[in-house]
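Chemist: Structure here, sequence nowhere to be found:
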């Protein structure tokens, strides 16, 4: 069992991963400070998993009381980053402009959020004496390659999103080697599961569309593959990265090591939804710019450095995800 205490700063803590992290592991922290611009998850989403008090940047203290604080702010605000980091033991930097498609539509915003936003919180860690920094990265920096993806592959991103995440990894490495901050860049694969109703990822998009009686869109012929990771396995990796020795300055793939095509995903989801009287209807769309055709990752380094490996099979995880989405649709 992982033991981690102290004060946590979570950027993007109102989002999918941040809320699940707080819900499952937040009781082990003394204080959790959430910085979020509320553009995806909001106050009601955070309130669904924890009680919290909202404070302004000017009200932040270097000696925070126990419990959860929310600061409504953008990670591009460098002054708020400096204030938010005071008194913290670890920064978990989840906030980002996420996904390939938004980065193609607006590369400048993607850069400002993912590069300058990450730099702001690394600087806040340096100036605030925060020694551990966990960065949410992606396999997108690697770009198009013959899978499986692993950490020794040369990075050749094919989308602005991949380029911005690669820059974040580069800054994490530099801040470890120049300033001694124990940065760990976790390259998340395609994460799915409970609390993902706002996500634009594949599983969440398919389930939202199906439950709304709409067709799901397959970009291309459906042969493209991804590595689908259940959320609870992911947040365990984040917690392990908070206090794993010897992981500073490293990039680590967090995935399942299993390749699943979009067509195979549909075949798994169809009977799960049909069992609840929900039809899964699909249509073909154009391939998306910046998408890679095949992706899955080795997780040997995660097991070696973090003592982590995935526990949840895709079939089991999808069943839990479908159950959660169904419950949400009935309660709304």
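Modeler: Arrived safely, thanks for sending. Quick caveat: nothing in here was measured; it's all calculated off a predicted structure.

Chemist: What residues sit buried inside the longest helix that the chain contains?
Modeler: Across the chain, the helix with the greatest residue count (assigned by DSSP state H) is helix 160-179. Residues 160-173, 175-176 are the ones in helix 160-179 that count as buried (16 or more other Cβ atoms under 10 Å). Heads up, the C-betas are built off the backbone N, CA and C, glycines and all.

Chemist: can you tell me the average pLDDT over that helix?
Modeler: On average, the pLDDT along helix 160-179 is 97.

Chemist: Now do that helix: which elements does it pack against?
Modeler: helix 100-105, helix 107-111, helix 117-128, strand 132-138, strand 182-188, strand 250-254 (3 or more Cβ pairs under 8 Å, 6 or more residues apart in numbering; DSSP states H and E).

Chemist: would CSV of those with mean neighbour count, mean pLDDT and distance to residue 20 be doable?
Modeler: CSV is the format used below for the helices and strands packed on helix 160-179 (neighbours: other Cβ atoms under 10 Å; pLDDT from 0 to 100; distance: least, Cβ to Cβ, whole Å):
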stretch, mean neighbour count, mean pLDDT, distance to residue 20
helix 100-105, 18, 91, 22
helix 107-111, 17, 97, 24
helix 117-128, 22, 98, 20
strand 132-138, 26, 97, 13
strand 182-188, 26, 97, 12
strand 250-254, 25, 98, 14
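
Chemist: now the ones you listed as JSON lines including distance to residue 76?
Modeler: Converted to JSON lines, those look like this (distance: least, Cβ to Cβ, whole Å):
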{"stretch": "helix 100-105", "distance to residue 76": "15"}
{"stretch": "helix 107-111", "distance to residue 76": "10"}
{"stretch": "helix 117-128", "distance to residue 76": "5"}
{"stretch": "strand 132-138", "distance to residue 76": "16"}
{"stretch": "strand 182-188", "distance to residue 76": "20"}
{"stretch": "strand 250-254", "distance to residue 76": "24"}
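
Chemist: Identify, from the buried residues of helix 160-179, the entry nearest to residue 99.
Modeler: Checking those against residue 99 with Cβ to Cβ, the nearest one is residue 161 at 6.3 Å.

Chemist: Test my guess that that closest one contacts residue 140.
Modeler: Yes - with contact taken as Cβ atoms under 8 Å, residue 161 and residue 140 are classed as touching, separated by 5.4 Å.

Chemist: List the residues that are in contact with both of the two.
Modeler: Residues touching both residue 161 and residue 140 by Cβ atoms under 8 Å, 6 or more residues apart in numbering: residue 100.

Chemist: Could I get the full set of strands for the stretch 201-332 of the chain?
Modeler: When assigned using DSSP state E, counting those that start in this stretch, the strands of the stretch 201-332 of the chain occupy the ranges 216-219, 225-226, 228-230, 250-254, 260-261, 282-285.

Chemist: can you put these in a markdown table and add distance to residue 115?
Modeler: Conversion of the strands of the stretch 201-332 of the chain to a markdown table gives the following (distance: least, Cβ to Cβ, whole Å):
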| stretch | distance to residue 115 |
| --- | --- |
| strand 216-219 | 26 |
| strand 225-226 | 25 |
| strand 228-230 | 25 |
| strand 250-254 | 16 |
| strand 260-261 | 31 |
| strand 282-285 | 30 |
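
Chemist: Count the residues that sit near residue 289.
Modeler: Using other Cβ atoms under 10 Å, residue 289 is surrounded by 12 other residues.

Chemist: ok, what's across the strand from residue 283?
Modeler: With DSSP bridges applied, the residues forming beta bridges to residue 283 are residue 217.

Chemist: looking at the protein, which residue lies furthest from center?
Modeler: residue 277 (31.2 Å; Cα atoms, centre = their mean).

Chemist: Which pLDDT does the model give the residue lying closest to residue 156 once chain neighbours are set aside?
Modeler: Setting aside the residues directly before and after it, residue 156 is nearest to residue 143 in space (Cβ to Cβ, 6 or more residues apart in numbering), at 4.2 Å. The model reports residue 143 with a pLDDT of 88.
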